[in-house]
Each structure stands twice: as structure tokens, then as C-alpha cells.
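In: Return atomic coordinates for the entry below.
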Amino acid sequence: MKKLFSLSMVLLLAAAAAISQDVRYNFDKNTDFSRFKTYKWVELKDAKKVDNLVDSQVKGAIEAELATKGLTKVDDDSANLFVGYQTAIGQEKEFTSYNSGWGYGPGWNYGGWYGGGMGGMSTTYGQTSTIYVGQLAVDMYDPANKDLIWRGVASKTLDEKAKPEKRQKNLTKAMKKLFKNYPPAKK
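Out: Have a look, this model is predicted:
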């Protein structure tokens, strides 16, 4: 149970947390997005399930943005847009090094500060750490033929120590940024 709770918290962090934030999107250029007025939540096949708390928070942030775009949520099959999401967590390695700075560079070896031939010693320390990067992908489908017509992905470095209020704030900010260019402009 503790492992499940930890995973749930990490997934929430995946949708929200710490330092840098990256969003990107893609869409079907042949789709007329102005015809979509209602949407329905759908579960994506093979998407990892999150707990009810995380699900509610993610859907709430997405729903708030869809409402600002003029879309209304419905619970039946009359929806003219299907919306689903999925989360993922990736790992990156970070190497941090520090040089003590005590020593001599080129030119100091012969006739430098301490005279000819005296060498110095410098120590470099290193540390490797794992950085977790969370992703939240939002997919939109045309229910008529179930084709993917829009996908947005928000990525964020995770801060495991972030308080729930900060995570929610980051989630809201990420969704605002993700839906900034929705619906796509016609050319």
C-alpha cells in the first residue's frame, strides 16, 4: 500500500512539480476544430491508472482549460470530442562536479609563483544523482472515426518535496501553457 501511495504521489508530481516546464503539441491540420463544442472523458487503452485523487486533480485542471476554450463536458455519447490523458515518469542522470581549485594551471609549473618546477595538486569531486521527469499527455479524438486529432504533452522536472498546493499550482500552470494554442489557428 505504501508503494502504491508513493507511486500515486509521484504521478501527481509528474503532472505538476518543480523546476523547468516544457510543453509541445501536434494536431491534424485537416480538422475543423471550431465544430467541437462538447467533450467526454475516455480511458486510453494501455494507459497506467492513477488513484482517484490524482485523477480528479488532473481532470479538474484540464476541464478548467477546456471550459475557457468554450467546450462543455457531457457524460453521454452525444459528445463531439473524446478526451483522455496518460502520465509517465522518466529518469535522467545528472553529474555534478566540483574542483577544489588548489593547484597550478599551465605556466605555473616552471618559474611560476612558487618557483621553477614546483607542481600543485587539484582534486575534483563528483556526484551522480537521478532526476525524475514527469509527463502528462492529453489526447483528443474525433468520435466519428476515433482518429487522434490533437495531442499535447507537458513535461516537468519533479520536486518530491513540493507541498500539495504547489503541485496543484504547477499542474494548473502547465495546463494553461499546454492549451494556450488550442484550438489551432486556421491557415
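In: Hmm, Lys48 and Gln86 touching each other?
Out: Yes. Applying C-beta atoms under 8 Å, one finds Gln86 in contact with Lys48, separated by 6.8 Å. C-beta here means a position set from N, CA and C on the backbone, and glycine is covered the same way.
In: Of these two, which one has the most company?
Out: Gln86 (19 against 11; other C-beta atoms under 10 Å).
In: Please name the spatially closest residue to that one (chain neighbours excluded).
Out: Distances taken as C-beta to C-beta, 6 or more residues apart in numbering place Ala47 nearest to Gln86, at 3.7 Å, with adjacent residues excluded.
In: count of residues packed around that neighbour?
Out: Ala47 has 14 neighbours, counted by other C-beta under 10 Å.
In: can you tell me how far it sits from Val58?
Out: 12 Å (C-beta to C-beta, to the nearest Å).
In: repeat for Leu44
Out: With distances taken as C-beta to C-beta, Leu44 is found 13 Å from Val58.
In: contacting residues around the residue nearest the centre of the chain?
Out: Closest to where the C-alpha atoms of the chain average out (C-alpha atoms, centre = their mean) is Ser155, at 1.9 Å. Taking C-beta atoms under 8 Å, 6 or more residues apart in numbering, we find Ser155 in contact with 21-23, 133-135.
In: Tell me the pLDDT of Lys161.
Out: With respect to pLDDT, Lys161 has a value of 83.
In: My error: substitute Lys3 in the last question.
Out: pLDDT recorded at Lys3 is 42.
In: just so I have it, where are all the helices in the protein?
Out: Counting by DSSP state H, the chain has helices at residues 2-16, 52-68, 164-178.
In: now Thr157: how far from Pro184?
Out: 28 Å.
In: oh, I was asking about Phe36
Out: Distance from Phe36 to Pro184, by C-beta to C-beta: 12 Å.
In: Check Trp150 too.
Out: Counting by C-beta to C-beta, the gap from Trp150 to Pro184 is 7 Å.
In: try Lys161
Out: Taking C-beta to C-beta as the measure, Lys161 and Pro184 are separated by 37 Å.
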